[in-house]
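[1] my questions are about this predicted structure, shown below with the sequence.
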Amino acid sequence: MPLAHEILHRYSRHIRLPQIGELGQQRLLNARVLLIGLGGLGSPAALYLAAAGVGTLGLADFDEVATHNLQRQILFREADVGTAKLTAALASLRALNSQATLIPHPEGLTPANALTLFSQYDIVLDGTDNFPARYLANDAARLANRPLIHGSIFQFTGQITLFDNTASSPCYRCLYPEMPDPESVPTCEQAGVFGALCGVVGSLMAMEAIKHITRVGNSLVGRILLIDLLAGNTHTVSLPRSDTCPICGDTPRIREILAENYARAACATAHTPSTAGDVPLEISCEDAREWLTQRESILLLDVREAVERAICHLPDSIHIPLGALPDYLKEHPFPADKTVLVYCHHGQRSLRAARLLRANGIPATSVAGGINRWAASLDTSLPRY
């Protein structure tokens, strides 16, 4: 059907493109797109999809806006700090395009809702930042037969591809068959990320979605676009389908979504501590504070980087970055009469440090949630980052 005059005027710069035209714009208006995660990648992707005239946008996120998000998550403003990202995103996108239908999914993406959620949309953009969520998104998209746009970033580099679920198309598991140990790969909070990189990769994810919806151009199916902003380089590499892929190969073994397959999150042991003698592997911030006030034989160890410690730190703690800890142990024995209480930003690095210390015969316990949780629940005077 012919587009209304208001629509023709608003999207005239799209419609004038011969590859798009009125038909392409109509396809955008009829499209249903799901965004998983409203962080560094989801923010620019959501803005450009709403601006492009995508008729229905599903938004799945359960996080809150923090001050350190503002460096790269352009959906949000200073006034949004402390509010749900979903609430702030809805306000921002409605202000940009009041004609778009926005559907909030405050529970985010979970093994329980993944298939039902994906089945409601035409295409899914994965803007998540952890391996369990990425593997869940990949498997749900494959089982629900929905195209999935993958984007990821690290410091100054990024990658983008499209998995369209055709017989010859690869999936994320063709590239990485099994989920790695989350502790083996530094997170953005540990390694940092260039803010503008998020805009580049997120915008390219939106571009792939728009191309797919309007059926124009050459998609990234079977290819990965690699970006290195520090070097100023971009190139694509082929990604063939793997015959042995556990979900899309010739003999797939993943045929349903099972929660236990996606449980290895960044602090997966936070609520299931193990013990070495009478020293637990992990304790809460509240218990850690009690230990520090009631026990004299505690050595408080900060394993974050120096730049993080300069922002905030707990008093009377010694500082050994996690990367330096193995060499430190070779030359500097810890006091035999001390239990080492280890903290970091969110509890991931401290858990690794505690395991390393225990493997060397040193009683050690990690503080679950790290200094971030300590600042949120015990000492609000500490700056959060």
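    Cool, the structure landed.

[2] which residues in the stretch 101-250 of the chain form helices?
    Secondary structure of the stretch 101-250 of the chain by DSSP state H, counting those that start in this stretch: the helices cover 114-119, 131-144, 172-175, 188-191, 195-214.

[3] remind me what the second one packs against, helices and strands.
    With contacts taken as 3 or more CB pairs under 8 Å, 6 or more residues apart in numbering; DSSP states H and E, helix 131-144 sits against helix 114-119, strand 123-126, strand 148-154, strand 157-163, helix 172-175. Every C-beta, even on glycine, is put in place using the N, C-alpha and C of the backbone.

[4] who are the packing partners of the fourth one?
    If you count contacts as 3+ CB pairs under 8 Å, 6+ apart, strand 157-163 packs onto helix 131-144, strand 148-154, helix 195-214, strand 223-228.

[5] and these: which comes nearest residue 369?
    helix 131-144 (17.9 Å; CB to CB).

[6] how far does that closest one sit from the chain's center?
    Here helix 131-144 is found 13 Å from its chain centre; the criterion is CA atoms, centre = their mean, to the nearest Å.

[7] give me the contact list for that helix.
    36-37, 109-111, 114-115, 117-119, 124, 126, 128, 146-148, 150, 152, 163, 165, 171-173, 179-180, 182, 185, 247-248, 254-257, 261-265 (CB atoms under 8 Å, 6 or more residues apart in numbering).

[8] likewise stretch 288-297?
    So stretch 288-297 is contacted by 283, 298, 300, 337, 338, 339, 341, 343, 365, 367, 374, 378 (CB under 8 Å, 6+ apart).

[9] kindly report the same for stretch 232-245.
    Residues from elsewhere that reach stretch 232-245 (CB under 8 Å, 6+ apart): 161, 168-171, 173-175, 177, 220, 222-228, 248-252.

[10] so how far is residue 350 from residue 322?
    8 Å (CB to CB, to the nearest Å).

[11] so these two - more neighbours on which side?
    Legend: neighbour count by other CB atoms under 10 Å for residue 322 and residue 350, higher for residue 350 (29 against 21).

[12] for the stretch 251-385 of the chain, which segments count as strands?
    When assigned using DSSP state E, counting those that start in this stretch, the strands of the stretch 251-385 of the chain occupy the ranges 275-276, 279-280, 282-283, 298-302, 318-319, 339-343, 364-367.

[13] in JSON lines, list those strands along with distance to residue 62, mean neighbour count and mean pLDDT.
    Shown next, in JSON lines, are the strands of the stretch 251-385 of the chain (distance: least, CB to CB, whole Å; neighbours: other CB atoms under 10 Å; pLDDT from 0 to 100):
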{"stretch": "strand 275-276", "distance to residue 62": "31", "mean neighbour count": "14", "mean pLDDT": "46"}
{"stretch": "strand 279-280", "distance to residue 62": "28", "mean neighbour count": "15", "mean pLDDT": "86"}
{"stretch": "strand 282-283", "distance to residue 62": "23", "mean neighbour count": "21", "mean pLDDT": "92"}
{"stretch": "strand 298-302", "distance to residue 62": "29", "mean neighbour count": "21", "mean pLDDT": "96"}
{"stretch": "strand 318-319", "distance to residue 62": "33", "mean neighbour count": "12", "mean pLDDT": "96"}
{"stretch": "strand 339-343", "distance to residue 62": "25", "mean neighbour count": "25", "mean pLDDT": "96"}
{"stretch": "strand 364-367", "distance to residue 62": "23", "mean neighbour count": "28", "mean pLDDT": "95"}
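
[14] break this structure down into its structural domains.
    The chain breaks down by automatic domain parsing into domains covering 31-262, 275-377.

[15] and those, which one averages the lowest pLDDT?
    Least confidently modelled of the domains of the chain is domain 275-377, at a mean of 89 by mean pLDDT.

[16] what is the burial count for residue 66?
    Neighbours of residue 66 under the rule other CB under 10 Å: 17.

[17] going forward can the numbers begin at 296, since that is how I track them
    All set: I'll call the first residue 296, so the last point we hit is now residue 361.

[18] phi, psi of it?
    Here is the backbone geometry of residue 361 (degrees, to the nearest 10): phi -120, psi 160.

[19] surely it touches residue 376?
    Yes - Residue 361 lies in contact with residue 376 (CB atoms under 8 Å); the separation is 6.5 Å.

[20] residue 475: what's its closest spatial neighbour, skipping adjacent residues?
    Leaving out its chain neighbours, the residue that sits closest to residue 475 by CB to CB, 6 or more residues apart in numbering is residue 426, at 6.3 Å.
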